[in-house]
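A.B. asks: sequence and predicted structure below; questions after.
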Amino acid sequence: MKFGKVEHPELVDFTLPKTHQKTIDVLKPYKKAGTPNVYVGCAKWNKTDLKGFYPRGIKDELEYYAKQFNSIELNATFYRQFPAEQFEKWKAKTPDNFKFFPKLTQEISHWKRLEGVQEVVNYYLDCAVHLEEKLGTFFLQLHSNFSPKNFDKIENFAKSWPTEIPLAIEVRHPDWFSDAVIFEEYTELLREYNIANVLVDTAGRRDMVHMCLTSNEAFIRYVGANHTSDYTRLDDWITRLKEWNTLGLQNIHFFIHQNLEVESPLLASYFIKKLNHELNINLKIPNQDNTNQQMTLL
């Protein structure tokens with residue numbers, strides 16, 4: 001994932017901002033929530049990106065991936081519509097506790113820019129719901145030039161989205177974050193419709209680590225910089241997620257990317273191991289003992 005990539009990550013201040021007051025308000029009713037539901041995964045499962053992750057001889061990458069992780073940020077659905085049969089095949093290849101978090105197709109977000117998309121959305125949902133119990137939160141990522149002047153388009157989309165289907169939205173244009181009034185209006189809209197406000201932790205866009213949750217779901221897209229700071233950044237996230245769980249956070253969905261995706265499973269293993277300890281959970285730590293694995297945990 002190249003979004004937010006910088007040439008010198010060692011010059012970036014990766015300090016996480018303080019928890020937004022709206023997050024505290026949103027989580028307050030759930031303060032005694034207890035152990036959270038935690039899903040951690042990568043964005044892709046193919047060998048081309050995750051070099052060194054798969055043992056030699058693995059024929060079905062998804063089957064192996066799903067035995068190591070409990071979720072996937074399904075980016076493949078961004079690039080084209082898949083028929084119901086494909087979602088059924090993906091479902092059949094994964095264990096009972098696995099979840100897919102599908103990205104809405106670019107036809108909806110980028111080409112039509114949320115206008116006149118009801119038919120496309122309906123078809124997409126009719127196919128994707130064949131994942132059944134393995135369906136996680138849908139994810140809408142808007143183009144970086146989709147600015148606040150398009151607020152009404154997001155509002156109309158939020159109103160028309162089925163309330164029983166979980167949704168997360170990521171906006172990228174800087175004006176959504178730089179103007180306090182706009183940010184308040186936008187996050188209040190998401191809160192009203194119980195839509196998760198995506199957090200993106202990437203080196204070149206620190207404004208997108210806004211720490212403002214709008215539902216009882218932390219949907220976090222973490223982008224490492226292929227730098228040693230990637231690990232201390234994950235340590236900071238573990239501290240923050242523990243804090244939010246204490247405040248009442250029930251659902252943690254954390255997806256790990258890299259500028260060079262080859263190291264994503266390694267970072268995930270590091271993160272899961274520490275998260276298990278801090279939150280008293282028992283997620284499987286992805287296998288790092290493959291004979292072709294050249295990386296070791298720090």
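C.D. replies: Now that the structure is in, tell me what you want to look at.

A.B. asks: gap between stretch 140-151 and the chain center?
C.D. replies: Offset of stretch 140-151 from its chain centre (Cα atoms, centre = their mean, to the nearest Å): 18 Å.

A.B. asks: could I get the buried residue list for it?
C.D. replies: L140, Q141, L142, F146, S147, P148, N150 (16 or more other Cβ atoms under 10 Å). From N, CA and C alone the C-beta is placed, and that goes for glycine too.

A.B. asks: just to be sure, the last one is in a helix?
C.D. replies: Yes - if the criterion is DSSP: H, G, I helix; E, B strand; the rest coil, then N150 is within a helix.

A.B. asks: hang on, it packs against R113?
C.D. replies: Yes - assessed by Cβ atoms under 8 Å, N150 is found in contact with R113 at 7.0 Å.

A.B. asks: what's the nearest residue to Q68 if we skip its chain neighbours?
C.D. replies: P286 (4.0 Å; Cβ to Cβ, 6 or more residues apart in numbering).

A.B. asks: would you mind giving the secondary structure of that neighbour?
C.D. replies: Three-state call for P286 (three-state DSSP): coil.

A.B. asks: the residue lying closest to H20 once chain neighbours are set aside: how many residues sit nearby?
C.D. replies: Counting by Cβ to Cβ, 6+ apart, H20 lies nearest to C212, which is 3.9 Å off, once chain neighbours are set aside. Residues lying near C212 (other Cβ atoms under 10 Å) number 21.

A.B. asks: residue contacts, C212?
C.D. replies: Neighbouring residues of C212 by Cβ atoms under 8 Å, 6 or more residues apart in numbering: H20, K22, T23, F183, T187, N197.

A.B. asks: of the residues you listed - the most surrounded one?
C.D. replies: N197 (27 neighbours).

A.B. asks: that residue reaches I169, doesn't it?
C.D. replies: Yes - when contacts are counted by Cβ under 8 Å, N197 is listed as touching I169 (7.0 Å).

A.B. asks: any common contacting residues for the two?
C.D. replies: Common contact partners of N197 and I169 (Cβ under 8 Å, 6+ apart): L190.

A.B. asks: follow-up on the earlier one: save the contacts of C212 as a markdown table, and put in secondary structure too.
C.D. replies: As requested, the contacts of C212 are exported to a markdown table (three-state DSSP):
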| residue | secondary structure |
| --- | --- |
| H20 | coil |
| K22 | helix |
| T23 | helix |
| F183 | helix |
| T187 | helix |
| N197 | strand |
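
A.B. asks: tell me the two of the residues you listed that are most distant?
C.D. replies: Greatest spatial distance in the contacts of C212: T23 and F183, 13.2 Å, computed using Cβ to Cβ.

A.B. asks: tell me what whichever strand or helix holds I256 is packed against?
C.D. replies: Element membership for I256 (DSSP states H and E) is strand 251-258. When contacts are defined as 3 or more Cβ pairs under 8 Å, 6 or more residues apart in numbering; DSSP states H and E, strand 251-258 sits against strand 37-42, strand 71-74, strand 218-224, helix 229-247, helix 264-279.

A.B. asks: I'd like the next helix or strand past the shortest one.
C.D. replies: Next helix or strand after strand 71-74 toward the C-terminus (DSSP H and E): helix 76-79.

A.B. asks: where do the helices sit along the stretch 1-150 of the chain?
C.D. replies: 21-27, 61-68, 76-79, 84-92, 106, 118-128 (DSSP state H, counting those that start in this stretch).

A.B. asks: good, wrapping up.
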